[in-house]
Structure formats: structure tokens, C-alpha cells
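Student: sequence and predicted structure below; questions after.
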Amino acid sequence: MVSLKWMKHITVEPIIFLIYLGWVFGNTLQSPGLYEKVCRMYYSDEVGVNCKDLSATHDIEDRVQSRSAQWSLYNAISYLTPAIFADTILGAYGDKHGRQVNILLGIAGIAVSEYGYMLTLSNSANTPYFTVLIFGIVTGATGYIALVPVSCNAYLADITPDKSQLTIRSGIFTVAQGLSSVLGGFTAGFFSDLSIPLGMDIELFMYVLAFIYVLWRIPQRPGIEEIKRRARGPTEGAPTLRGILVEIWTLMKLGFWTYRKPRLGYRRALMFLAVFVLMLTYTTSVETRISSVMSIYTFRCSGRNALCWKAEQLGYWNGSGYLLLIIGTLAGLFVGKRVFKLRETTLIIIGLMASSARTLMIGVATSPWEMYVANVLGSLAGITQPAIVSYMAQLVEQEEIGRAFSLFGIAADLAFIVTNLIYNNIYSATVGWYPGFLFLFIAFLQTCAAGGMVWAHFESIREGIGAQEADNFDAVEHNSEHAVESVT
């Protein structure tokens, strides 16, 4: 009976587990292939160039690194530009009709994108590299990968009315994401000799399983607040084409109005600051783990900060990093919320400083052991995301949560466009004299964000934001324990 009760609480966690298991596994395996593809595109006719090993041609290696960073930028723009509009519409749509469709669209988008990469890296198809841009545009219209965690977090908010428990549930969700990334990284390292097309077939199979699970487990129905709103208003008739178009326009206005709406005190400023911090945290996590820039940074075999890693070493490093992130997230949330009863703003500051220390260490690392030390320093970085999710829920009304979370998706899309424009150009410009400079720059940005959250912390105390949740946390914990005792 107890186990069955526990199983009912499992909702979106397997979704994020399967998605990131496949994504980390596939991206780790394909990164050397993409690096080699760029080299062959531009320098295969150069005398003495071996695209499988560029250690003997330092000048060519620097140019391949710059070209790879440029293609990463093109890819980002191709799918993130349409995703900005898609996330706005779909976020508001999910508020009114449910999250299932959004999650399914996000999964389908990832699968389409990865299929395009598989065709490019396949020896039989070997499609031109620019074809991934076409797949990217189609993928962007589905919201891409950012829509999946955003919609899952919104679903958790729909079914978890108590904000203090939402922090814990979102933390468990983050742990599931981290655990899948651990397995994905270690598995990619262990099977590094696997052919890239076969590895990507396994990745796509993970997405198919996630798609089927969503159809089975996640209902397409609105949250409690939307149901209440409909009960107070008139019943809608059968949808027409004109009605659908009007609804899309209305959803876009509702989505943007959530961001522009005047709010009490500095709450709107705090809302945008929280989004900026999440945007920076999310892009930093990707940029310093499984991004193309991170891959080519570790693949360098000549010059300063050269690690000369292969997919195997990158997979093991990412796997260990995600494992430490899980441990740090669980310990940080448990100690921070249940022992010290810290506010969400305090947890965010701690997470930012941990991530900043990790990124700084990556920028100065010259040997593998220093890279592993960086993962240890960043073990508490994972508490930032669940803390921001809970903090945002304290800043907006219950019926606005989905639209507010859609801002996370839009911010992530904008962030990847902006950061790819900035980060890739910085890396291209500095790879010749100090390849780790980019990571020092990211660490500086995170430190500035932590400074902004210090202001948000004291302003939240002044305005009473989060005070009720902090006061009620002991009561929530007591009621939860009492409920478990009743079941047993």
C-alpha cells in the first residue's frame, strides 16, 4: 500500500530522465564527429593535416576551433529564433489546456533535431553540414529541449499548491535530470568506440520511450486554477479556425502581459532578475558541460590549457560532474530547507557562487585532475534551479505560473542566442592566446548575478516575499510526516 502511494507521486521525473539520458549520451558521442566534420569541410586538402589528430598542426587546430564555434552559433540561431515565439504561445496554451501537448512537442522537436545530426554524421547519408540548420528551424517551432523542463516544472506547480513543497519536488525533478546525465555521461565514456549513427539510434529510442510515457502518464487537462476560472465563466463552444487564430493571438498577448504587468513593490524587477539568473545558470550549465565549445576546448591537443581529451574522457568527466551535482543538490536542499530553513534567495546565491567557482577552475585548468576539482567546487550549483522555480511561484499569482514559467523557456532561448553570439566570438578571439578566458568571463558574470540576488534577498524580506512559506514550512513537514505515519 505504501509503495503504491509513493508511486502515485512519480509524474514528470521519468520524462526528464529519459530525455537527458539520451541527450547527454548522444551529444557526447557525436561531438568528436562534428569536430572532425568541420575540419574536413575546410582543411582536408591542406598538406600534412590529419583531421583525426591535429596535435601536430597547432595553427590549423586553432582555426578548426574557431570554425566549430561559428557553426555552433549558426545552429543556435536556426532553432532558437522560432523557439522564442513558440515558447510564448505554448506556455500560455498550457495554462489553459494542459501540459501534455507541450511536452510531446518538445520531445518531438529534440528527435527531429538529432535525426538531422545523424544524417550529417552518417557515412552512408553524409548530408552537408548546413542541412542541420534546416532541421533546426523546424525544431525551433516546437520549442526544442527548453520546453520540456519548463512544461514539466509548470505541471509540478499545477499539482503542488503548497509553494514550500514545490521547492522539494522541483529539487527531486532536478536530481532526476542530473542522475540521467550521470548515466548518459558514463555510458558514453564506456561505449566511446560505438559508431556515432548507432549511438544516436539509441538516443532516439530514449525519446520514443519518453513520448510513450507522456501519453500514458501525463493527462491533457488544465490546472486547478484554470478549472476554477472556467467554472466562473461561460462554457466555450466547439473550436473554429477563426477561434483558434484568435486564441493564439490572445495567448501571445497574455504571455507578454505577464512580463509587463505592474506589480506590488519591486516584484516585477525581481521576476526579471530571477529569469536572468536562471538564464545565466542554465546556459552556464550547458556551456560548461556538453556544449560544442566545451567539447572543442577539451579536445585541444596543442597550446595552452591543452587537455587532448577524447569522447571517453569527456564522458567520464561529465558523468562524475553530474553525480556530484546530484549529491550537492540533495544535500543542499535538505540542509538548506529542512535544517536551516533558508530562503530561496539564499539558496540561489549559494548555487551561483558554487557554479562560479567551478567555471573559474575550468578556465585555469591545465590537467585532468584540476577539471575534476572543478566539478567538486560546483557540486552545489544544482540548488539554483529549484530555488528559482519556487521563488518565481512566490512572485506571481497561481493562474500566472505557467505563463511565468514560459518566460523561463523564452529566456533560455534568448540566452542561448545571445550567449552563442558572445561566448563563441569570445572563444574564437581568445583561443590563440588563452583558451580558458571564456570561462573566466562566465565566472565573472555569475559573480555579478550573485550580487544582484543579494539585493533581491533583502528586498524580498522587506516586502514579505516568501515569509508565509518560511513560517509554514514546519507545519508542512509535520503534516507530511503525519500522513506517512497514517498510511503505515
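Tutor: Structure received.
Student: how close does residue 272 sit to residue 457?
Tutor: To residue 457, residue 272 is 16 Å away according to Cβ to Cβ, to the nearest Å. Any C-beta I mention is one placed from the backbone N, CA and C, and that applies to glycine too.
Student: more crowded one of these two?
Tutor: In this view residue 272 and residue 457 are compared by other Cβ atoms under 10 Å, and residue 457 has more residues nearby, 18 against 13.
Student: OK, contacts around the spatially closest residue to that one that is not a sequence neighbour?
Tutor: Counting by Cβ to Cβ, 6 or more residues apart in numbering, the nearest residue to residue 457 once its immediate chain neighbours are dropped is residue 345, at 3.8 Å. Residue 345 makes contact with 387, 391, 453, 456-457, 460, 466, according to Cβ atoms under 8 Å, 6 or more residues apart in numbering.
Student: could I get the residues you listed as CSV with distance to residue 139 and secondary structure?
Tutor: CSV is the format used below for the contacts of residue 345 (distance: Cβ to Cβ, whole Å; DSSP: H, G, I helix; E, B strand; the rest coil):
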residue, distance to residue 139, secondary structure
387, 30, helix
391, 30, helix
453, 33, helix
456, 34, helix
457, 38, helix
460, 37, helix
466, 37, coil
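Student: from these, which two are the most distant?
Tutor: 453 and 466 (13.1 Å; Cβ to Cβ).
Student: so if I had to pick from those two, which one is more boxed in?
Tutor: When residue 453 and residue 466 are compared for neighbours, residue 453 comes out ahead with 28 against 21, by other Cβ under 10 Å.
Student: surely that one is in contact with residue 352?
Tutor: Yes: the criterion here is Cβ atoms under 8 Å, and residue 453 meets it with residue 352 at 6.6 Å.
Student: shared neighbours of the two, which are they?
Tutor: Common contact partners of residue 453 and residue 352 (Cβ under 8 Å, 6+ apart): residue 277.
Student: quick one: the helices in the stretch 351-488 of the chain, in order.
Tutor: 368-377, 384-395, 401-430, 437-463, 467-487 (DSSP state H, counting those that start in this stretch).
Student: isn't residue 101 right up against residue 222?
Tutor: No: between residue 101 and residue 222 there is no contact under Cβ under 8 Å: 11.7 Å.
Student: now do the same contact list for the residue lying closest to residue 389 once chain neighbours are set aside.
Tutor: Closest residue in space to residue 389, ignoring its immediate chain neighbours: residue 170 at 4.5 Å, by Cβ to Cβ, 6+ apart. Applying Cβ under 8 Å, 6+ apart to residue 170 gives the contacts 153, 156, 385-386, 389-390.
Student: nearest residue to the middle of this structure?
Tutor: residue 282 (5.2 Å; Cα atoms, centre = their mean).
Student: my read: that one touches residue 382, true?
Tutor: No: Residue 282 is not in contact with residue 382 according to Cβ under 8 Å; the separation is 11.5 Å.
Student: can you give me the end-to-end span of stretch 304-316?
Tutor: Using Cα to Cα, to the nearest Å, the end-to-end distance of stretch 304-316 comes out at 22 Å.
Student: and the contacts of it?
Tutor: Taking Cβ under 8 Å, 6+ apart as the rule, stretch 304-316 contacts 28-29, 31-32, 55, 185-190, 192, 295, 297-301, 317, 365-368, 371, 433-436.
Student: buried sites along it?
Tutor: Using 16 or more other Cβ atoms under 10 Å as the test for burial, stretch 304-316 gives 305-307, 309, 311-316.
Student: where is pLDDT lowest across those?
Tutor: When the buried residues of stretch 304-316 are compared on pLDDT, residue 305 comes out lowest, with 82.
Student: burial count for residue 130?
Tutor: Neighbours around residue 130, by other Cβ under 10 Å: 12.
Student: any idea how far it is from residue 138?
Tutor: On the measure of Cβ to Cβ, residue 130 and residue 138 end up 14 Å apart.
Student: follow-up on the earlier one: could I get the contacts of residue 170 as a markdown table with pLDDT?
Tutor: Below are the contacts of residue 170 laid out as a markdown table (pLDDT from 0 to 100):
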| residue | pLDDT |
| --- | --- |
| 153 | 83 |
| 156 | 87 |
| 385 | 85 |
| 386 | 85 |
| 389 | 79 |
| 390 | 86 |
